[in-house]
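Student: got a structure for you, letters missing:
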C-alpha cells in the first residue's frame, strides 16, 4: 500500500513540478507532448492545477487508506511553504511600512491616508456582517423542520443555560413544560456532544486562547490599545499574533524618519528600501515552487478533515445548507460588492483585469488560509498586476492583513444565527445589532493565521449569551470555509488599497 502511494505521489509531483520547470512530459510509450508553451501559463493556472491534483490525491488517499502516508510525507511540505511565507511576511511588513511612511515626507498626508484606510476597512467589515445577517435570516438554514429534533436542541440550550447560570436570552422556558422523557433524552444528547472529538478540539482552542489572553495586559476597556504597543519589538516580530505591535513600531519609526532632514536619514532609508527589495526577491524564489507546495497543502488539509471518503461526504451533507450559504455570501462580496465599491470611488480597474491580476494571491490565500502568509504575494499582485502605487500598497495592505477580516466577519454573522436557529433560540434585532458591533471589534487585530476565525466566533457567541462551545457543530467544515473566507480578506485589502490610492490622486501605473 505504501509503495502504491509513493508511486502515485511521484507521478503527481512530477506533473506538478513540470508546471514550474516547463519540462517534456511523456504521456505514452509512443507519444510525447512538449510543453514549450508552459512558459506562457500564468502562475494562477499552475496553482489551480496543483490544487485540483491535491484534491484528487486526497480523495485517493482516503479511499485506499493512505491518510497516514499523506500526513507523514506530503502534508509537511505544505507546512514548510506556509512557514517560509510567514518568515518573509513580518520583515516585509516592517520594511514596506517604514519605507512607505518615510517616503511620504508629509506627516499630515500619512494621517489622512491612515484615516481613510481604517474608515474603509470599517465600512467593508460592517457591510460584510450586514450581508451575512441578511442572507442567514432570509434563508434560515438552521431551522429544524422536525418538531422532536427542534425540542431536543432547545432543551439542550436551556440545560446549558441552567448549568452555567446563564440567562435564557429569549425568555422562553420549555424545560418547564417538557416531559421527563424529553428532558432525559436532551440530557443524554447534551452529555454526548461534550464527548465528541470536535467539542474537545474547540475546548482546547478556547483554553489556549484564554491562556494567551491572560499573558497580555490586564483586562479593561483599553486592553486592545495597551496590547498594540510593544515592550520588545524582537518578541513582537517573533509572534504572528502580535502583528499590530510590529505595525505600530514601523509607523513610529517611519514617522520619525519623515520628520528628520533627508541628509541625515538617507542612508537608513536606502538600507530599508534595499531590504524591502531583498525580501520581495525571496517571495519570487519561494513562489517558483508554489504549485508543488499548494498540491501538498490541499492533499494534507483534506486528508486531515476526515479519515475516510465516506466520513468526508457525511460532513459535507450534514452542513451543506450552512456551507453553501457562507460560500454564496462570500461570492456576493467578492464578485459584486467590491467591484461596485471600486466603481463608486472611481477606481478604473476592469473587472477581468482585477480578478486576473489578483488570482495568484487569491489561490494562495485559499490554499494557505492565512492572510499573513499571503501578504508578500498580495503586495506584489496589487502593485505589479493592478498598477496600484507602492505608496498606497506598502501602507494599506500590511494593516489590512491584520485588522481587515471581511470574510471572517460575514462567516461569524452567518454561523451565530445558524447556531441560534439550530438550537431554536430567538434573537431580537437589538441582539443581532450586538453581533455587528462585537464581530467588528473582534475582527480588529485577530491573528491573520488559520483558525483565528473560530476563536472570534466563540467570542461573539459568548457576548450575546450563547454557548461558545457550539462551534463544535460547525468545526468539521471550518478549515475548508476558512480557506474561502481568506480569499475575501485578501480581495478586500486590494480593493481598499486601490480606493485609497485613487482618493489621494496617486498615479496608477499603466499596464497596457
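Tutor: Sure, I can see it. Worth saying up front: this structure is predicted, and the values here are computed from it rather than measured. Numbers count the residues shown, from 1 in each chain.

Student: which stretches in this protein count as strands?
Tutor: 25-26, 32-33 (DSSP state E).

Student: below-threshold pLDDT in the stretch 251-400 of the chain: ranges please.
Tutor: Filtered on pLDDT under 70, the stretch 251-400 of the chain yields the residue ranges 315.

Student: which residues of it fall in helices?
Tutor: For the stretch 251-400 of the chain, the helices defined by DSSP state H, counting those that start in this stretch occupy 262-287, 290-305, 309-318, 320-332, 338-344, 351-368, 371-380, 390-403.

Student: do you know which of those lies nearest residue 180?
Tutor: helix 309-318 (29.5 Å; CB to CB). To be clear about C-beta, it is placed using only N, CA and C from the backbone, and glycine gets the same treatment.

Student: so which elements touch the closest one?
Tutor: Helices and strands touching helix 309-318, by 3 or more CB pairs under 8 Å, 6 or more residues apart in numbering; DSSP states H and E, are helix 43-63, helix 290-305.

Student: any chance of the helices of the stretch 251-400 of the chain in TSV, plus distance to residue 434?
Tutor: Compiled in TSV, the helices of the stretch 251-400 of the chain are given as follows (distance: least, CB to CB, whole Å):
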stretch	distance to residue 434
helix 262-287	41
helix 290-305	32
helix 309-318	29
helix 320-332	20
helix 338-344	26
helix 351-368	30
helix 371-380	26
helix 390-403	21
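
Student: buried deepest among these, which one?
Tutor: helix 371-380 (a mean of 28; mean count of other CB atoms under 10 Å).

Student: what's that one packed up against?
Tutor: With 3+ CB pairs under 8 Å, 6+ apart as the test, helix 371-380 has helix 75-104, helix 262-287, helix 351-368, helix 390-403, helix 478-503 packed against it.

Student: longest single helix anywhere in this structure?
Tutor: Taking DSSP state H as the assignment, the helix of the chain that covers the most residues is helix 107-139.

Student: okay, buried residues for that helix please.
Tutor: Buried residues in helix 107-139, defined by neighbour count with 16 or more other CB atoms under 10 Å: 110, 113-114, 116-118, 120-121, 124-129, 131-133, 135-136, 139.

Student: for stretch 421-438, same thing?
Tutor: Within stretch 421-438, the residues that count as buried by 16+ other CB under 10 Å are 421, 422, 423, 424, 425, 427, 431, 432, 434, 435, 436, 438.

Student: tabulate these (a markdown table), appending distance to residue 204 and pLDDT.
Tutor: Shown next, in a markdown table, are the buried residues of stretch 421-438 (distance: CB to CB, whole Å; pLDDT from 0 to 100):
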| residue | distance to residue 204 | pLDDT |
| --- | --- | --- |
| 421 | 27 | 94 |
| 422 | 22 | 93 |
| 423 | 22 | 94 |
| 424 | 28 | 95 |
| 425 | 25 | 95 |
| 427 | 28 | 93 |
| 431 | 29 | 90 |
| 432 | 29 | 91 |
| 434 | 27 | 88 |
| 435 | 25 | 87 |
| 436 | 29 | 86 |
| 438 | 23 | 83 |
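
Student: in helices only, show me those residues.
Tutor: 421, 422, 431, 432, 434, 435, 436, 438.

Student: out of those, what pair is the most spread apart?
Tutor: For those, and using CB to CB, no pair is farther apart than 422 and 436, which are 20.6 Å apart.

Student: in this structure residue 380 contacts residue 283, no?
Tutor: Yes: taking contacts as CB atoms under 8 Å, residue 380 lies within contact range of residue 283: 6.3 Å.

Student: tally of neighbours for residue 42?
Tutor: Residue 42 has 12 neighbours, counted by other CB atoms under 10 Å.

Student: okay, now the unreliable bits of the stretch 401-512 of the chain?
Tutor: 443-453, 511-512.

Student: again, 90 this time
Tutor: 401-405, 408, 430, 433-460, 462-463, 472-473, 475-480, 482, 509-512 (pLDDT under 90).

Student: before we move on, back to that, in JSON lines, list the buried residues of stretch 421-438 along with distance to residue 50.
Tutor: JSON lines is the format used below for the buried residues of stretch 421-438 (distance: CB to CB, whole Å):
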{"residue": "421", "distance to residue 50": "38"}
{"residue": "422", "distance to residue 50": "36"}
{"residue": "423", "distance to residue 50": "40"}
{"residue": "424", "distance to residue 50": "44"}
{"residue": "425", "distance to residue 50": "43"}
{"residue": "427", "distance to residue 50": "42"}
{"residue": "431", "distance to residue 50": "44"}
{"residue": "432", "distance to residue 50": "41"}
{"residue": "434", "distance to residue 50": "42"}
{"residue": "435", "distance to residue 50": "37"}
{"residue": "436", "distance to residue 50": "38"}
{"residue": "438", "distance to residue 50": "38"}
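
Student: surely residue 439 touches residue 129?
Tutor: Yes: using CB under 8 Å, residue 439 is in contact with residue 129, at 5.3 Å.

Student: which residues do those two both contact?
Tutor: Common contact partners of residue 439 and residue 129 (CB atoms under 8 Å, 6 or more residues apart in numbering): 409, 412, 413.

Student: no further queries at this time; thank you.
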